[in-house]
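>>> the sequence isn't on hand, but the structure is:
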């Protein structure tokens, strides 16, 4: 793998994991007040589309990044629905 592909994968993973702190905050507070469900819905939809694209072109950095992105985005949505 080229350096740029490795860097893209690492940054994609870090960016994708950035939604988990929001999930943790919702769960600790037991409240999803002030969270925009529409924003996370759009982000989740976008992550799924990118994941499908990554799979279709067999691009490992995109697949890894957007698998985690999909999971972390939908974790916020699930926490939102559980604690609204």
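Received it, and whenever you're ready, just let me know what you need. Given the structure is predicted, the values throughout are model-derived calculations rather than measurements.
>>> so the residue positioned nearest the centre of the chain: helix, strand or coil?
For the chain, the residue nearest the mean C-alpha position is residue 69 (2.3 Å; C-alpha atoms, centre = their mean). At residue 69 the chain is in helix, as set by DSSP: H, G, I helix; E, B strand; the rest coil.
>>> per-residue pLDDT, it?
In this model, residue 69 is scored at 94, pLDDT.
>>> flag every buried residue along stretch 3-19.
Neighbour-count burial for stretch 3-19, counted by 16 or more other C-beta atoms under 10 Å, picks out 8, 9, 12, 13, 16, 19. (C-beta placed from N, C-alpha, C; glycine too.)
>>> do stretch 72-82 as well
72, 73, 74, 75, 76, 77, 79, 80.
>>> now, which of the residues you listed sits nearest residue 37?
Within those, the smallest distance to residue 37 is 5.6 Å, found for residue 80 (C-beta to C-beta).
>>> the closest one contacts residue 38, correct?
No: when contacts are counted by C-beta atoms under 8 Å, residue 80 is not listed as touching residue 38 (10.7 Å).
>>> the host helix or strand of residue 27: how far from the chain's middle?
Element membership for residue 27, per DSSP states H and E: helix 20-29. With C-alpha atoms, centre = their mean, to the nearest Å as the basis, helix 20-29 stands 14 Å off its chain's centre.
>>> which helices and strands does it pack with?
Applying 3 or more C-beta pairs under 8 Å, 6 or more residues apart in numbering; DSSP states H and E, we find helix 20-29 packed against helix 60-82.
>>> identify the residues contacting the helix it packs on?
With contact meaning C-beta atoms under 8 Å, 6 or more residues apart in numbering, helix 60-82 is reached by 1, 5, 8-9, 12-13, 15-20, 22-23, 26-27, 32, 35, 37, 40-41, 43-44, 47-48, 50-51, 53-55.
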